[in-house]
Structure formats: structure tokens, C-alpha cells
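# quick one, fold the following:
(chains A and B)
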Amino acid sequence: MMGKIYLDHVATNPMHPEVLEAMMPFLKEDFGNPLSIYPPGAKAKEAIEGARGSVASLINAKPNEIIFTASGAESNNFALRGIALALQNKGKHIIVSKAEHHSILNSARFLEKSGFAVTYLPVDKSGLVDPDSVQRAITKETVLISIIHASPEVGTIEPVAEIAKIAKKNNIIFHTDAVASAGNIPVDVRELGVDALSLTAHQFYGPKGAGALYLKEGTRIVPLIYGGIQEGGRRAGTENVPAIAGIGKAAELAKRDMGKRSDHVKPLRDKLISSVLSKITNVYLTGHPEQRLPGHASFVVEYIEGEAMLLLLSAKGIYVASGSACSSKALKASPVLLSLGIPAHLAQGSVVFTLGEETKELEIDYLIETFPQIISRLREISPYSKGWEGTEGETCTVKK
Amino acid sequence: MSIAELSGHEKLLKFLDKPIAADAITDIIYMMCPMHLLTLQERIKELKVGQVLAVLTDYDGALEDIPAWCGKTGNEFVGVLESPDYYSFYVKKLKE
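Model prediction:
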């Protein structure tokens, strides 16, 4: 048995040592409030503005277009609710896809309760949104479209630039949830043509509790948190200075090392995908075969329950995920997998491997050797090993 | 009776019936107090003497605060235009 093998980088990442180093002074001696005018306050303020510049540079935005938040989920809530509410006098219809993260889907549901109409667009079997379906869903009332940039669950990268063009042509604000992609693949807000974009630091070796929302200059938004003048009055609350210093350093490193990181994980991911598909029967890759995140390998394994795979892999020191974390906890078929047309019983057998810069080839080889054995063992004891009987009628609450 | 009338600031208020040309516009709609004053203070620094800044805000307190701020800082409050959802305040920079 090897040491611990962490293959759940889409859940979170370890902090890069340089990130921790950048944060330390603000956890210790440089504790000043950035609003205070004396030197410790000024130092904190300087750290925040430096980080704002680094995050802006990572996505080719202007520093004043970056609003710091506490998470990717907050950025998504802020964008969807804040922009929709700011534009409600213009129209009360928004468009999202069925394969969005819960922070978008649940914000959309909140807006529905507040009198907005929401179109939930279908995706194809690889998780792609058809840009023509976006065009067809637009009405005179449409004020906001939000389509995920890359799926944390199936790895698919959406044709966001193409969809953003459609939004722009129709004078509609376009937001993308780039939580799984920003810092991992090139994300350029000008090239993508988006008005708003969510990201979070812990997806690229930064700290937890440090998210950001890119909001194009001149885009109106209703704050989620009222109070002081922090973040230009758009997000009140004394800033989490250490976390912000951390996201700044992580963004700087991501910009520098992105290519290297990607070149490292891609061949390992490809080796993992081809080995799993050839060594195990009745297993399917989920998401798009090519248009996917560089370190992302996701599958559904027939006749097996995802949690069982996770537990046995964990017993071998291999840490992976099944579906999205929230669906996994709720023991409920993932809405994202269902939106791809995967039957509910098959979606229960979801397993997601996500690789990182510290992943070694030896670890992938060990996984390739171990995983088929675990599947064989589970299938021996699985009540479904002879087929799926009596599993019809499972449903999910996501709108079809 | 408006807040401005109650506080005696109606004397300072000057309502316009159409927009006027502005050299810079700052849109702080949906931002609460004191963003109207902070933004005004910051953005006016970027203008030259004689230029006009338009501040777009839906914050009612600005009806009182912006004319008063102009009086205190020696800038000219040109007027305010009322739209259904927000106000446009016009301030002419009179000194550095």
C-alpha cells in the first residue's frame, strides 16, 4: 500500500507553500483593519489592492472589476440574485442550464419565488449546452443568462464565448460560473465576452474562504450584504485580509504555472481514463471526451453505488469523490448527471478523480491496479450485479 | 413633503427637466450611504476645474447630502434630474 493519494482536487486543493507564506503576516503582526488610516491599516489595504490586481491579471480584467467574496457559492449567489434584481424593472426572465452548480440552481429557484421566470436549458449527453437553445429561450423579458464555464462534476467545458456573443447581441447580461476552471485553464473575460464571472481561490492552491466576482465596469448589482464601504459598497464586512492576500498569491502562481500544471496532469488523466475504460466492464466516462478540464476523469460504474467505491478506495488510502459533494451527502442522484440523460440508477455509481500538480504517475498506476479489484469485489456483493430490476421511477427534483 | 423639504435643504435643490452634458458619469445605483459621498469625492479629483460630473444614484439621502457637500467643498451643484428609478446629480468642479 502506498501513502495517501489525494485525487479530489475539484473538492479542494492543498495551499501552495508560497500562498501560506503570503498570508502569514496578516494572521499575525499585520492585523490592521484596511479601513484604518494608520500604518497597519494601510498595510492591509495595500495587500488587498495588490491581490485585486493579481486576480484581475489572471482573468484579464481591470482591478476595479474584481469584488472579493467568501466563496465561489457566494459569488454565484451574488451574481445571479444581484444582477437579476438590479434589472427587474427591465424584465423578469433569466436563463440557466440544468447542469449548473447548486449555488446557481438554488439562486434561480429563489428568483422564481420572487416572481422571476426561469428557463432551465437542457444539455446533451456530454454535458454541452447548445448555443442555439440559448437563442431560442430568449424573450423580451430576458435580463440575465448564466451558463457554467466548466463542470466540476463531469469536467465538460462549455462554449461560453459563443453563448456570450448571443447574450450580447440581444443586450442581455451574461454570467459564467468559472469556479472549476479559473486558475486551472486560461480564462480571459475579454475573450470570453462575459459581464460577470465567479471564481474561488481553493480551486487553484489558494485558501478556502476567498472567492471573487468579476463584474464588468458599468454593470449594476444589488448587494447581498449591506453595511460598510468595503468593496466599493457592493459587499460589506471587514475584509478577510489573510484570505485575500492568499487569493492574490495563488492567482499570481496560477498565471505563472498554469501551463506547466496542465501539461503535468493531462497525460496522467488520459492514462487513467483509457485504463479504467479498458480494464473494467460496464463503466462509462461522463462529460465530454476532449473538451474537458485537464485533470478531470469522471465515470459512472454500472451495478455499483458511488459511496461504496469511495469507502473502499479510502480504505486503500485513495481519496476521490462521487458526483457533487452535496448530492453525495444527500445520497441522491446528482441533478447534473441526470441532466446528461444518465439514468438515476446508473448515476448512483458516479466516481470522480481529479488530479493536481503533486499527483505522481506512480499513484495513478496504483489506482489503475487497485480500482478494478474494488469494482470486482463490490460487484460480487452487489444486489444489482445481475441487472437493474425494480429501479424504475426514481426521480429528481430538478426541472426537466 | 420630501426629506429635503423637511430638512430645509429644498433651498439648495435644483430640479432639472432634461439631462445635461457631463464630462464623467459615475453609476452607483443600488449602493447605499455613504457611497454617494465617497464616490463623489473620489471621482471629482479626476476632473479638471470647470468640468461636470454626473452621479447616478437611487439613494434618497443624496437629495440632502450632495447639494450640502457642494456647499461645503466650494463646488457647484448644477442640479438633479429625476428618473423613475434613480436620480442624476450634476456637480461642476470649481476648484482643485
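# just the strands in chain A please.
Here chain A has its strands, by DSSP state E, at A:5-6, A:66-69, A:93-97, A:117-121, A:142-146, A:173-177, A:196-200, A:211-215, A:283-285, A:296-301, A:318-319, A:350-354.
# quick check: residues of chain A near chain B?
Where proximity means CB under 8 Å from any CB of the partner chain, the interface of chain A facing chain B comprises A:86, A:89, A:218, A:220-223, A:226, A:229, A:232-234. In this view, the C-beta of every residue, glycine as well, is placed from N, C-alpha and C.
# return the subset of the residues you listed lying in helices.
Among those, the residues falling in helices (DSSP state H) are A:Ala86.
# can I have the buried ones of the residues of chain A next to chain B as a PyMOL selection?
Remark: buried members of these, expressed as a PyMOL selection using 16 or more other CB atoms under 10 Å in any protein chain shown:
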select buried, chain A and resi 86+220+221+222+223+229+232+233+234
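# which of the residues of chain A next to chain B lies closest to chain B?
Looking at the residues of chain A next to chain B and their distance to chain B, the nearest is A:Gly233, at 3.7 Å (CB to the nearest CB).
# A:Arg235 against A:Phe78, yeah?
Yes. Counting by CB atoms under 8 Å, A:Phe78 is a contact partner of A:Arg235 at 7.3 Å.
# picking that back up, just send the residues of chain A next to chain B back as TSV, with pLDDT and distance to A:Leu285 too.
Output for the residues of chain A next to chain B, formatted as TSV (pLDDT from 0 to 100; distance: CB to CB, whole Å):
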residue	pLDDT	distance to A:Leu285
A:Ala86	97	40
A:Asn89	95	46
A:Gly218	95	42
A:Arg220	97	42
A:Ile221	98	38
A:Val222	98	41
A:Pro223	97	42
A:Tyr226	96	46
A:Ile229	95	49
A:Gly232	95	44
A:Gly233	96	46
A:Arg234	97	41
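# residue ranges of the helices in the stretch 251-400 of chain A, please?
Counting by DSSP state H, counting those that start in this stretch, the stretch 251-400 of chain A has helices at residues A:306-315, A:325-329, A:335-339, A:344-347, A:361-381.
# and the strands of chain A as CSV, adding mean pLDDT?
Shown next, in CSV, are the strands of chain A (pLDDT from 0 to 100):
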stretch, mean pLDDT
strand A:5-6, 98
strand A:66-69, 98
strand A:93-97, 98
strand A:117-121, 98
strand A:142-146, 98
strand A:173-177, 98
strand A:196-200, 98
strand A:211-215, 98
strand A:283-285, 96
strand A:296-301, 97
strand A:318-319, 98
strand A:350-354, 97
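# now those in TSV, with distance to A:Lys266 and mean neighbour count?
Shown next, in TSV, are the strands of chain A (distance: least, CB to CB, whole Å; neighbours: other CB atoms under 10 Å in any protein chain shown):
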stretch	distance to A:Lys266	mean neighbour count
strand A:5-6	18	21
strand A:66-69	29	25
strand A:93-97	26	25
strand A:117-121	29	18
strand A:142-146	28	26
strand A:173-177	23	30
strand A:196-200	21	30
strand A:211-215	26	28
strand A:283-285	15	17
strand A:296-301	10	27
strand A:318-319	20	20
strand A:350-354	13	27
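# of those, which approaches A:Val154 most closely?
Closest to A:Val154 of the strands of chain A, according to CB to CB: strand A:296-301, at 5.2 Å.
# angle of the closest one against strand A:350-354?
For strand A:296-301 against strand A:350-354, the angle by axes from the mean of the first three to the mean of the last three CA atoms, to 10 degrees is 160 degrees.
# sheet partners, orientation included, of strand A:296-301?
Here strand A:296-301 has these sheet partners by DSSP bridges: strand A:283-285 (antiparallel), strand A:350-354 (antiparallel).
# now do the first one: everything it contacts.
Contacts of strand A:283-285 from elsewhere in the structure, counted by CB atoms under 8 Å, 6 or more residues apart in numbering or on different chains, are A:273, A:276-277, A:297-302, A:346, A:375.
# just those residues now: which is nearest chain B?
Distance to chain B, by CB to the nearest CB, is smallest for A:Ser298 among those, at 39.2 Å.
# if the closest one is in a bridge, with which residues?
A:Val352.
# how far is stretch A:48-67 from where the chain is centred?
Distance of stretch A:48-67 from the chain centroid (CA atoms, centre = their mean, to the nearest Å) equals 20 Å.
# hey, C-alpha coordinates of it in PDB?
Coordinates of each C-alpha in stretch A:48-67 appear next as PDB, following Å, rounded to 0.1, in the frame of the first residue of the first chain:
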ATOM      1  CA  ILE A  48      -6.000  43.800  -0.600                       C
ATOM      2  CA  GLU A  49      -5.300  46.100  -3.600                       C
ATOM      3  CA  GLY A  50      -2.300  44.100  -4.600                       C
ATOM      4  CA  ALA A  51      -4.400  40.900  -4.600                       C
ATOM      5  CA  ARG A  52      -7.100  42.600  -6.500                       C
ATOM      6  CA  GLY A  53      -4.500  43.400  -9.200                       C
ATOM      7  CA  SER A  54      -3.300  39.800  -9.300                       C
ATOM      8  CA  VAL A  55      -6.800  38.300  -9.600                       C
ATOM      9  CA  ALA A  56      -7.600  40.800 -12.300                       C
ATOM     10  CA  SER A  57      -4.500  39.900 -14.200                       C
ATOM     11  CA  LEU A  58      -5.300  36.200 -14.000                       C
ATOM     12  CA  ILE A  59      -8.500  36.700 -15.900                       C
ATOM     13  CA  ASN A  60      -7.600  39.900 -17.900                       C
ATOM     14  CA  ALA A  61      -9.900  42.200 -16.000                       C
ATOM     15  CA  LYS A  62      -9.400  45.600 -14.600                       C
ATOM     16  CA  PRO A  63      -8.700  45.700 -10.800                       C
ATOM     17  CA  ASN A  64     -11.900  47.700 -10.200                       C
ATOM     18  CA  GLU A  65     -13.900  44.900 -11.800                       C
ATOM     19  CA  ILE A  66     -13.000  42.400  -9.000                       C
ATOM     20  CA  ILE A  67     -15.200  42.100  -5.900                       C
END
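# which residues touch that stretch?
Contacts for stretch A:48-67 (CB under 8 Å, 6+ apart): A:34, A:68, A:78, A:178, A:182-183, A:187-191, A:197, A:199, A:212-217, A:231-232, A:234-235, A:239, A:241, A:244-245, A:247-249, A:251-252, A:254-255.
# try it again with 6 Å
A:34, A:187-190, A:212-215, A:217, A:231, A:234-235, A:239, A:244-245, A:247-248, A:251-252, A:254-255 (CB atoms under 6 Å, 6 or more residues apart in numbering or on different chains).
# that's all I had, so thanks and see you.
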